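> Have a look at this prediction, sequence included:
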Amino acid sequence: VQLVESGGGLVQPGGSLRLSCAASGFTFSSYAMSWVRQAPGKGLEWVSRISTGGGGRSYADSVKGRFTISRNNANNTVYLQMNSLKPEDTAVYYCNANHLQLGSRWGQGTQVTVSS
């Protein structure tokens, strides 16, 4: 069972990044997927969630209108398109897979730094 995030990096304020999370070792399409972040010195903050089929999406108020979550069940990947990035978006971003009966799985995280 593995979740591998990629796509993080350093970007200027106002810029964009697209994070990817590739899943393997479990039935990806049966899991709701979320992105969660942790800023330096702070706790975990839920960012966004997408339902198993992709029809249900929700966002934290802090990213609504700027971030878009999507998934491709054919290639077992979930994405987070991040636009209009702000310094306060700086964090390690984690991918989470959740199944009501089978539990939760986490990736190792990818660093996003927004700075001029």
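Good, I have the coordinates. Numbering: from 1, shown residues only.

> pLDDT score for Val1?
Looking at Val1, its pLDDT is 79.

> Just give the number of residues close to the closest residue to it other than its chain neighbours.
Spatially, and ignoring its direct neighbours in sequence, Val1 is nearest to Gly25 (4.0 Å; Cβ to Cβ, 6 or more residues apart in numbering). Backbone N, C-alpha and C define where each C-beta goes, glycine included. Per other Cβ atoms under 10 Å, the neighbour tally for Gly25 reads 10.

> Same question for the one 3 residues further on.
Residue crowding around Phe28 was assessed by other Cβ under 10 Å; the count is 22.

> does it really touch Asn76, like I thought?
Yes. Shown here, Phe28 and Asn76 form a contact pair, counting by Cβ atoms under 8 Å, at 4.1 Å.

> all strands for the chain, in order.
Under the criterion DSSP state E, the chain contains strands at 2-6, 9-11, 17-24, 32-38, 44-50, 57-59, 67-72, 77-82, 91-99, 103-106, 110-114.

> Might you report the residue contacts of the residue sitting nearest the centre point of the chain?
Centroid check for the chain by Cα atoms, centre = their mean gives Trp35 as the closest residue, at 3.0 Å. By Cβ atoms under 8 Å, 6 or more residues apart in numbering, the residues touching Trp35 are 19, 21, 47-49, 69, 78, 80, 93-96.

> so where's the chain uncertain?
Judged against pLDDT under 70, the chain has no low-scoring part.

> how near is Gly9 to Gln101?
Using Cβ to Cβ, to the nearest Å, Gly9 is found at 36 Å from Gln101.

> ok, the two, which is more surrounded?
Gly9 (13 against 5).

> so who does the more buried one touch?
17, 111-113.

> before we move on, what about Ser115?
Contacts of Ser115 (Cβ under 8 Å, 6+ apart): 10, 12-13, 87, 90.

> can we see that at 7 Å?
Residues near Ser115 by Cβ atoms under 7 Å, 6 or more residues apart in numbering: 10, 87.
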